[in-house]
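Visitor: fold the following.
(2 chains)
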Number of protein chains: 2
Amino acid sequence: MADIKYEIVEHLGVLSESSKGWKKELNLVSWNGRDPKYDLREWAPEHEKMGKGVTLTEEEINQLVKIMNNKE
Amino acid sequence: MADIKYEIVEHLGVLSESSKGWKKELNLVSWNGRDPKYDLREWAPEHEKMGKGVTLTEEEINQLVKIMNNKE
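Guide: The predicted structure follows:
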């Protein structure tokens, strides 16, 4: 598998933590040196392993927040 | 691969659309008949195929919105 370089540019917050210490986090992550994107993903306790997740552009996350803020 | 049953209980909104017509959507989805969860995922134009995504509990998505709303 190809090497993926990433850098957590900013820790924005933790959404939840599992009983095994994995955390679902929102971060700004730069993948392969590109501009950072919002990244919603599970991480092992020391960020030594990452789980599945999605990346979102600024526009996408703003749209997500707008949808939630406008609910009921 | 095991059969996964899902039902899109509520379409909450579209975050973006790719040039091929795939949409990144926020929905309430029930997986295997369980209680619906928030689901952030890419879908083919007619929902006939799904891409990668994450599911979020109500608490997790509220936390996400709170983090974003509190960002300057």
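Visitor: list the buried residues in the helix or strand of chain A with the lowest mean pLDDT.
Guide: Least confident helix or strand of chain A, by mean pLDDT, DSSP states H and E, is strand A:50-56 with a mean of 93. Neighbour-count burial for strand A:50-56, counted by 16 or more other Cβ atoms under 10 Å in any protein chain shown, picks out A:50, A:53-54, A:56. C-beta here means a position set from N, CA and C on the backbone, and glycine is covered the same way.
Visitor: could I get those in TSV, plus columns for distance to A:E42?
Guide: Converted to TSV, those look like this (distance: Cβ to Cβ, whole Å):
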residue	distance to A:E42
A:M50	7
A:G53	7
A:V54	11
A:L56	15
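Visitor: am I right that A:I67 is in a strand?
Guide: No: looking at A:I67 with DSSP: H, G, I helix; E, B strand; the rest coil, it is helix, so not inside a strand.
Visitor: burial count for it?
Guide: A:I67 has 16 neighbouring residues, counting by other Cβ atoms under 10 Å in any protein chain shown.
Visitor: how about the residues of chain A by chain B?
Guide: A:12-16, A:24, A:26, A:40-41, A:52-54, A:56-57, A:59-65, A:67-69, A:71 (Cβ under 8 Å from any Cβ of the partner chain).
Visitor: drop anything exposed from those.
Guide: Judged by 16+ other Cβ under 10 Å, buried ones among these: A:12-13, A:15, A:24, A:26, A:40-41, A:53-54, A:56, A:60-61, A:63-65, A:67-68.
Visitor: and the helices in chain A, which stretches?
Guide: Ranges of helices within chain A are A:58-69, based on DSSP state H.
Visitor: run through it and note the low-pLDDT ranges.
Guide: The model of chain A has pLDDT under 70 over residues A:1-2, A:72.
Visitor: quick check: longest strand of it.
Guide: The longest strand of chain A (DSSP state E) is strand A:6-17.
Visitor: name every strand pairing with it and say which way it goes.
Guide: Note on strand A:6-17: by DSSP bridges, its sheet partners are strand A:23-31 (antiparallel).
Visitor: now do the buried residues in the strand it pairs with.
Guide: Buried residues in strand A:23-31, counted by 16+ other Cβ under 10 Å: A:23-30.
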